[in-house]
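> Next input, structure requested:
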Amino acid sequence: MSAKKKLKEQLNLWHWLLILFVLSAVFSVFYNWLSDQNEYRNRQVFAENLVKGDDEKATKFFEQWISFVRQDSTILCEKTDGYIKIDHLRYALESSFFKEYAVEFLFCNADEYLILQDGRTIVNCHEYFDERSRRQGRPMANGNLFKINQDPFNFGYFGIIRISDYQELYIEFVSRERTSWLQNTLKENRYSVAYYDRSEVVKQIGLFAYPLKLFTPKNKQNKTFSEYENYSHFQILINDSDDERVLIVSSRIPRLQSRLSTFSFVFILNLCLGLLTLLVWKRASRRLFKTFAQRLQVTVLAIVLATFVLVGIMSVIYVQRLNSQKNQKVLREKTYSLLLMMEQAFGDENSVEILDNLLLQEKLVEFSNVSFSDIFFYDETGHIIAKSSIEEVFQNTARDEMDMQAFHQLSREHKNFYVQKETLNNQIYYSSYVPFRNFRNELVGYLNLPHFTQQAELRQEIIAFVEAYINLFAVLIILVFTLVFLIIKRLTKPLIDSERQIAWNEMAKQIAHEIKNPLTPMKLSVQQIQKTWSGEKGDFGDRLKRFSTVMIEQIDTLSAIASEFSNFAQQSNTELIEVNVKNCLENVILLMNTDGIIRFEIAENTENIAVLADEKQLSRALINILKNAKQAVSEIETPHINVSLTGSKIGVVVAIRNNGKGISPEIQSRIFEPSFTTKTSGMGLGLAITKNIIEQFGGTISFETDETGTVFFVDLPALKIEKK
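Reported below is the predicted structural model:
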């Protein structure tokens with residue numbers, strides 16, 4: 001085999017890895033570009049939704065209120081107390097609206113005055129709201145409804161319904177859905193937003209520290225993207241007033257580590273899929289597992305990948321477990337702090353006094369503001385007594401009864417602290433329960449603290465860890481595999497040289513034995529002819545004729561031995577050309593099918609498949625296989641040999657099947673060894689030469705056998721499809 005072919009065989013696995021590397025790089029570049037375009041589009045839609053116009057649903061609801069108020073006798077009665085009217089409104093109006101909007105009602109008479117939030121300013125009620133509607137509001141289609149737009153993040157609606165010349169109803173409402181949408185979008189996408197009025201920052205939200213002055217040039221025609229301090233900024237002009245207002249939505253430009261992680265992930269995934277393919281696809285495994293070095297390289301690669309996957313999974317699980325333990329610890333500390341505050345506030349009172357105390361609700365609200373957590377207080381039967389709802393998810397949830405599992409653990413199992421995972425509105429959270437006793441050790445009830453973990457932050461931490469992990473591993477796997485390749489090459493070279501030396505020693509013994517066999521009859525024949533000549537016997541002519549025949553036969557045998565040995569040792573010294581496999585097979589079968597037992601089957605699209613080979617040596621390899629097949633069926637009553645040709649654009653397979661008795665398991669592993677034979681004659685070089693020829697052309701040869709026969713597979717890489 002030439003040095004070029006040896007290098008090609010050694011790099012076969014590296015070609016496979018290089019293809020995976022290039023495919024992964026191309027995919028990651030395209031994926032990152034597509035992700036950027038998708039992020040730009042989503043950020044632009046988000047910004048446009050922030051500055052877009054009116055809430056049609058709010059306008060529709062307000063028109064329904066006007067119609068209802070002007071026809072309802074309770075509202076129109078001037079003597080009815082304003083608080084009663086508000087309760088009447090909340091009861092009578094559609095309940096779904098109060099779930100979607102936070103609403104405030106105020107009935108105000110012409111002679112009433114208001115004390116503003118500063119506690120000192122007193123203003124006339126009608127004059128204050130009229131001034132507010134003119135100064136802060138923008139009239140809607142309905143002249144009694146105004147949009148209060150302080151900034152793109154906070155806007156609501158302010159409505160005025162005239163009850164009589166003496167009384168007006170003022171309604172202010174803000175969309176809960178919009179507020180929740182804004183918070184969730186900012187949290188999930190990690191956006192930062194800023195609102196500039198006359199080039200000065202008015203309000204900002206998020207991690208990016210916006211300059212006090214507008215840092216990007218205003219573009220009145222187009223919405224623009226720009227980059228500043230590692231962030232991408234989308235600027236949109238707000239044109240709903242005479243002033244020039246600008247909204248900027250910013251997102252951090254993905255770091256190089258994040259972009260490389262896409263390539264690393266795809267590359268490692270392709271490696272795993274490639275190894276899985278090798279396990280299930282015999283043709284691929286035969287091609288890549290031809291040598292001991294290649295098998296060792298693939299084995300090391302599989303072990304490294306398996307280690308990577310296991311370590312990665314265990315690391316993520318460990319991070320999640322640490323986070324869970326941290327959250328439970330925080331929740332435990334909050335719970336015991338709350339318990340201490342409750343004991344200080346109500347420890348001296350008995351159960352009845354605490355449960356009937358109007359101060360309990362106020363204290364729970366106060367404690368919840370301190371602990372930044374909702375608090376629920378249940379009596380000893382598990383029924384809700386008081387609660388504070390600062391989390392939006394609990395504001396519309398009664399939670400009238402204590403969780404059954406928690407109640408069982410505290411009341412039946414007598415645990416002093418219990419924490420579990422609970423789900424509400426598709427949100428998973430930890431919830432702690434603790435019994436509350438007064439200073440006389442009387443059970444008063446149970447305290448419950450739900451605690452929402454920062455799932456978005458945890459997810460970002462895990463993503464950052466995984467990105468760094470797979471990037472590091474991708475670099476390490478390339479370095480390690482390169483070192484393994486060099487080390488294996490160095491370690492296997494003495495082994496290969498030793499195996500080659502052993503093979504040549506065995507070959508030399510076999511050659512010596514084969515040469516000795518014809519020399520013995522040659523020597524005897526010469527001695528006989530010498531006797532006959534010295535004795536001058538009369539049949540000397542006949543003896544000379546027989547002597548000549550024996551000598552010619554034995555000389556031919558020696559010549560054949562020398563030719564086979566020369567072919568085995570010097571097969572690689574040939575020039576490879578394009579060979580049509582179908583034509584080569586037809587010529588070989590025509591030569592070998594003298595007894596008519598060989599049948600040839602050709603699959604579709606294989607007539608013009610060419611391979612890079614030496615046509616004479618390829619023919620010789622196929623002839624050797626057919627010779628063995630014919631010898632295998634020589635004792636069969638109805639012998640037959642099937643030759644099939646199948647293939648595709650990437651390869652061609654020749655299968656030669658016989659219905660002989662098969663190859664015994666004891667000799668299957670030695671079938672391609674030089675000088676190994678089960679026949680009484682021959683050197684045993686046929687299949688060894690065949691294997692050498694096929695591998696010289698970049699192909700593989702293998703076999704399957706059982707008691708019903710044997711099939712040899714010759715797998716050659718296709719060069720191209722010739723045009724008809």
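> Walk me through the domains of this protein.
Annotated domains of the chain cover 56-179, 190-254, 321-453, 458-569, 577-721 [automatic domain parsing].
> Mean pLDDT lowest where, among those domains?
Mean pLDDT values for these show the minimum at domain 458-569, a mean of 67.
> Around the nearest residue to residue 401 once chain neighbours are set aside, how many other residues sit close by?
Nearest residue to residue 401, sequence neighbours excluded (Cβ to Cβ, 6 or more residues apart in numbering): residue 382, at 5.8 Å. (Each C-beta comes from the backbone N, C-alpha and C, glycine too.) For residue 382, the number of neighbouring residues by other Cβ atoms under 10 Å comes to 18.
> and residue 382, backbone torsions?
phi 90, psi 10 (degrees, to the nearest 10).
> same deal with residue 381?
phi -100, psi 0.
> Just the element for residue 387, please.
strand 384-388 (DSSP states H and E).
> List of residues touching that strand?
Taking contacts as Cβ atoms under 8 Å, 6 or more residues apart in numbering, the residues outside strand 384-388 that touch it are 355, 360-361, 364-365, 367-368, 374-379, 394, 398-402, 445.
> part of a helix, is residue 461?
Yes. Under DSSP: H, G, I helix; E, B strand; the rest coil, residue 461 falls within a helix.
> Next, count neighbours for it.
When neighbours are counted by other Cβ under 10 Å, residue 461 comes out with 14.
> and what of residue 700?
22.
> hang on, it packs against residue 694?
Yes. Between residue 700 and residue 694 there is a contact under Cβ atoms under 8 Å: 6.7 Å.
> joint contacts of these two?
Common neighbours of residue 700 and residue 694, using Cβ under 8 Å, 6+ apart, are residue 714.
> Residue 104 and residue 172 touch, don't they?
Yes. Using Cβ under 8 Å, residue 104 is in contact with residue 172, at 4.8 Å.
> Which of the two has more residues huddled nearby?
When residue 104 and residue 172 are compared for neighbours, residue 172 comes out ahead with 18 against 12, by other Cβ under 10 Å.
> for the helix or strand hosting that one, packing partners?
Assigned by DSSP H and E, residue 172 belongs to strand 167-175. For strand 167-175, the packing partners by 3 or more Cβ pairs under 8 Å, 6 or more residues apart in numbering; DSSP states H and E come out as helix 56-69, strand 101-109, helix 125-136, strand 154-162.
> okay, those, which one's buried deepest?
The highest average neighbour count among the helices and strands packed on strand 167-175, using mean count of other Cβ atoms under 10 Å, belongs to strand 154-162 at a mean of 19.
> For that one, which strands pair with it and how are they oriented?
Paired with strand 154-162 in the same sheet, following DSSP bridges, are strand 145-151 (antiparallel), strand 167-175 (antiparallel).
> what's the angle between the longest one and strand 101-109?
Spelled out, that is strand 167-175. Angle, strand 167-175 to strand 101-109, by axes from the mean of the first three to the mean of the last three Cα atoms, to 10 degrees: 170 degrees.
> now the first one
What separates the directions of strand 145-151 and strand 101-109 is an angle of 120 degrees, with the same axes, to 10 degrees.
> mind listing what's buried in strand 145-151?
Residues of strand 145-151 classed as buried by neighbour count (16 or more other Cβ atoms under 10 Å): 145-149, 151.
> With stretch 647-662 instead?
Here stretch 647-662 shows 647, 651-662 as buried, counting by 16+ other Cβ under 10 Å.
> Pipe those into TSV and attach distance to residue 206 per row.
What follows is the buried residues of stretch 647-662, written out as TSV (distance: Cβ to Cβ, whole Å):
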residue	distance to residue 206
647	60
651	56
652	61
653	61
654	67
655	66
656	71
657	71
658	76
659	77
660	78
661	80
662	74
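> Which of those fall within strands?
647, 652-658 (DSSP state E).
> now, among those, which is nearest to residue 61?
The shortest approach to residue 61 among those belongs to residue 647, at 71.8 Å (Cβ to Cβ).
> Quick check: the gap between the residue nearest to residue 401 and residue 313.
40 Å (Cβ to Cβ, to the nearest Å).
> and what of residue 79?
According to Cβ to Cβ, residue 79 and residue 313 sit 73 Å apart.
> More neighbours: which of those two?
More neighbours surround residue 313 than the other of residue 79 and residue 313, with 10 against 4 (other Cβ under 10 Å).
> Checking the more buried one next. Helix, strand or coil?
The three-state label given to residue 313 by three-state DSSP is helix.
> you'd agree residue 209 is in a strand?
No. Membership of residue 209 in a strand is not supported by three-state DSSP, which gives coil.
> tell me the phi and psi of it?
Main-chain dihedrals, residue 209, degrees, to the nearest 10: phi -90, psi 100.
> same check, this time on residue 635
Taking degrees, to the nearest 10, you get phi -100, psi 10 for the backbone angles of residue 635.
> From residue 625, how far out is it?
19 Å.
> ok, these two, which is more surrounded?
residue 625 (24 against 9).
> Contacts only, for the more buried one.
Residue 625 makes contacts with 656, 687, 690, 712, 714, as judged by Cβ under 8 Å, 6+ apart.
> now do 10 Å
Shown in contact with residue 625 (Cβ atoms under 10 Å, 6 or more residues apart in numbering): 588, 592, 641, 643, 654, 656, 658, 686-687, 690, 694, 701, 703, 712, 714.
> Which strands and helices lie in contact with the strand ranked longest in the chain?
Counting residues, the longest strand found in the chain (DSSP E) is strand 427-437. Judged by 3 or more Cβ pairs under 10 Å, 6 or more residues apart in numbering; DSSP states H and E, the packing partners of strand 427-437 are helix 292-346, helix 351-356, strand 375-379, helix 404-411, strand 418-424, strand 443-451, helix 455-535.
> and with 8 Å instead?
helix 292-346, helix 404-411, strand 418-424, strand 443-451.
> hey, C-alpha coordinates of that strand in PDB?
Only the C-alpha atoms of strand 427-437 are listed here, as PDB (Å, rounded to 0.1, in the frame of the first residue of the first chain):
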ATOM      1  CA  GLN A 427     -46.600  28.400  38.600                       C
ATOM      2  CA  ILE A 428     -44.700  26.100  40.900                       C
ATOM      3  CA  TYR A 429     -43.600  27.500  44.300                       C
ATOM      4  CA  TYR A 430     -42.500  26.500  47.700                       C
ATOM      5  CA  SER A 431     -45.000  26.800  50.600                       C
ATOM      6  CA  SER A 432     -44.100  26.600  54.300                       C
ATOM      7  CA  TYR A 433     -46.400  25.900  57.100                       C
ATOM      8  CA  VAL A 434     -45.900  26.300  60.900                       C
ATOM      9  CA  PRO A 435     -48.200  26.000  63.800                       C
ATOM     10  CA  PHE A 436     -48.700  29.200  65.900                       C
ATOM     11  CA  ARG A 437     -49.100  28.900  69.600                       C
END
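> hmm, back to that, the strand holding residue 387 vs strand 443-451, what angle?
For strand 384-388 against strand 443-451, the angle by the same axes, to 10 degrees is 40 degrees.
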